[in-house]
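J.: Make a model of this:
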Amino acid sequence: MENQEKLRCIGCGAIIQSKDPQLLGYVPQKTLDKEGITVYCQRCFRLRHYNEIAPAPLTNDDFRRILMDIADKDALVVNVIDIFDVSGSMIPGLSRYVGKNNLFLVANKRDILPKSVNDVRLTDWLKKQAKANGIKPKDILVMSANREYDVYTLLELIETYRHGRDVYIVGVTNVGKSTLVNAMIKHQLGLSDVVTTSRFPGTTLDRIEIPLDDECVLIDTPGIILKGQMAHHLNPEDLKFVSPKKEIKPKTFQLNSGQTLFIGGLARFDLIKSSKQGLTTYFDNELDIHRTKLENADEFFERHAGEILKPTAKGRLVRKEFSVKDKSDLVISGLGWVCVPEKATVAVWAPEGVDVLIRKALI
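T.: The predicted structure is shown next:
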């Protein structure tokens, strides 16, 4: 097909080809002849209709090369982060991709946090987090891609800051970037579910361009894969536990020294040294939490992993100890966190390779 190399899958951005079913962007020639230039590749088709995911033979270096071009452009950069996994969704070294372009920070999935959280305080907290990561945004918007009014506000702010330039949407995997872009397309063009979305990391494979006006485009870029997120250490059927769709309902457990909380079979919190206090957990509502004695915790895990302690992660759990001096969150990247309100010594167990950190309490 003439100029076929210029066609891209409207779902993931891969360049369309009809020669090799094993390569990205494959579409049977008869489908191309029938559907013309608006087409989904076979990988997107199977994901959208059968929830089947085919591994992409691309590395993070491939995705980063796409972002490296942005610094040489005159554009507005919109960085989407996951408000439920702020530290785990910050792109390391983002400033070198942005260059001298203006950066606008969008904190997505506001609807996942409890409604009691104050948005003004949340925005101030995000400013401090951004500064700690070397990011200097022109503005910050706390929003949800699922709320029409928020999408309208985002589009208005983009128009305010872009000054007739192209707009690049960047972010790590699983921040809801493609869902957000779909909401923007629906608002602008009246089309629904154009970009392929899923819980599987790495669904978008190349840039996807959406017209903003006669001359400028909005460009959705592939998500950067951060291996420290829990999603990369789970079986596909368990990804729903790290992609909450409903408002999180916090649960508080009264613990003494020498007690343990198991977060399904994915993580474990040991209260090693402390006075009795209430630890509040923030995880997907479907994830069961079990309390037991620290002295029995290893045996408890061996006996119940995969049964009452489910799901279980791929790989062993690794211990990391923290000294809590005042009200703090112990965060497992991509899974959630436990808030420890008072002074304590705590050990957090998470799958090997998953990032665990301590921060000033969000709530």
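J.: hey, let's count contacts and neighbours off CA atoms from now on
T.: Fine.
J.: what about L76, which helix or strand?
T.: Secondary structure from DSSP states H and E places L76 in strand 75-82.
J.: how about the CA coordinates for the helix or strand just after that strand, as CSV?
T.: Remark: after strand 75-82, the chain's next helix or strand is helix 94-98, criterion DSSP H and E. C-alpha atoms of helix 94-98 as CSV (Å, rounded to 0.1, in the frame of the first residue of the first chain):
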residue,chain,number,x,y,z
LEU,A,94,12.2,15.1,33.5
SER,A,95,13.7,18.6,33.1
ARG,A,96,16.2,17.3,30.4
TYR,A,97,13.2,16.2,28.3
VAL,A,98,11.3,19.4,28.8
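J.: Going by contacts, tell me the helices and strands next to the next helix or strand after helix 94-98.
T.: As assigned by DSSP H and E, the chain's next helix or strand after helix 94-98 is strand 102-108. In terms of contacts (3 or more CA pairs under 8 Å, 6 or more residues apart in numbering; DSSP states H and E), strand 102-108 is packed against strand 75-82, strand 139-142.
J.: For strand 102-108, which residues meet the burial criterion?
T.: 102-108 (16 or more other CA atoms under 10 Å).
J.: Contacts for the helix or strand harbouring F269 next, please.
T.: Assigned by DSSP H and E, F269 belongs to strand 267-273. Contact partners of strand 267-273, identified using CA atoms under 8 Å, 6 or more residues apart in numbering, comprise 255-262, 294, 317, 344-351.
J.: go with 6 Å
T.: 257-262, 344-350 (CA atoms under 6 Å, 6 or more residues apart in numbering).
J.: Quickly run through the sheet partners of that strand, with directions.
T.: Sheet partners assigned to strand 267-273 using DSSP bridges are listed as strand 259-263 (antiparallel), strand 344-351 (antiparallel).
J.: next SSE after the last one?
T.: On the C-terminal side of strand 344-351, the nearest following helix or strand under DSSP H and E is strand 356-360.
J.: about what we covered before: from the buried residues of strand 102-108, pick the one nearest L154.
T.: V106 (8.4 Å; CA to CA).
J.: you'd agree that closest one is up against I83?
T.: No. Counting by CA atoms under 6 Å, I83 is not a contact partner of V106; they are 9.0 Å apart.
J.: Please enumerate the helices of the stretch 201-350 of the chain.
T.: Assigned by DSSP state H, counting those that start in this stretch, the helices in the stretch 201-350 of the chain fall at 297-304.
J.: For it, which segments count as strands?
T.: Using DSSP state E, counting those that start in this stretch, the strands found in the stretch 201-350 of the chain span residues 208-211, 217-220, 251-255, 259-263, 267-273, 277-282, 289-293, 317-324, 328-332, 336-340, 344-351.
J.: what about G93, neighbour count?
T.: G93 has 11 neighbouring residues, counting by other CA atoms under 10 Å.
J.: Leaving out chain neighbours, which residue sits closest to it?
T.: Closest residue in space to G93, ignoring its immediate chain neighbours: G134 at 7.9 Å, by CA to CA, 6 or more residues apart in numbering.
J.: how deep is that neighbour tucked in, by neighbour count?
T.: G134 has 13 nearby residues by other CA under 10 Å.
J.: Okay, and it sits in which element?
T.: Assigned by DSSP H and E, G134 falls within no helix or strand.
J.: Closest one of the contacts of strand 267-273 to S275?
T.: Among these, S257 lies closest to S275 (CA to CA), at 6.6 Å.
J.: for that closest one, what are its contacts?
T.: 271-274.
J.: Kindly recompute the last result at 8 Å.
T.: If you count contacts by CA under 8 Å, 6+ apart, then S257 has 271-276 around it.
J.: What separation do you get for it and I210?
T.: S257 sits at a distance of 55 Å from I210 (criterion: CA to CA, to the nearest Å).
J.: same deal with H233?
T.: Computed as CA to CA, the H233 to I210 distance reads 33 Å.
J.: Could you do G228 as well?
T.: 31 Å.
J.: which residue ranges form the helices in the stretch 1-150 of the chain?
T.: Under the criterion DSSP H, counting those that start in this stretch, helices of the stretch 1-150 of the chain are mapped to 29-35, 42-50, 60-68, 94-98, 119-132, 148-162.
J.: how about those in CSV, adding mean neighbour count and mean pLDDT?
T.: Formatted as CSV, the helices of the stretch 1-150 of the chain follow (neighbours: other CA atoms under 10 Å; pLDDT from 0 to 100):
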stretch, mean neighbour count, mean pLDDT
helix 29-35, 12, 73
helix 42-50, 17, 72
helix 60-68, 15, 70
helix 94-98, 19, 86
helix 119-132, 14, 91
helix 148-162, 15, 91
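J.: Can you pull out the low-pLDDT segments for the stretch 201-350 of the chain?
T.: Residue ranges of the stretch 201-350 of the chain with pLDDT under 70: 201-207.
J.: neighbours of E321, just the number please.
T.: Count around E321 with other CA under 10 Å applied: 15.
J.: For it, give the beta-bridge partners.
T.: Going by DSSP bridges, E321 forms beta bridges with A347.
J.: re earlier: so the residue nearest to G93 is in contact with V98, correct?
T.: No. With contacts counted by CA atoms under 8 Å, G134 stays clear of V98, the gap being 11.9 Å.
J.: you'd agree G164 is up against D214?
T.: No. The criterion here is CA under 8 Å, and G164 misses it with D214 at 10.4 Å.
J.: quick one: which of the two has more around it?
T.: Neighbour count, other CA under 10 Å: between G164 and D214, G164 has more, with 15 against 6.
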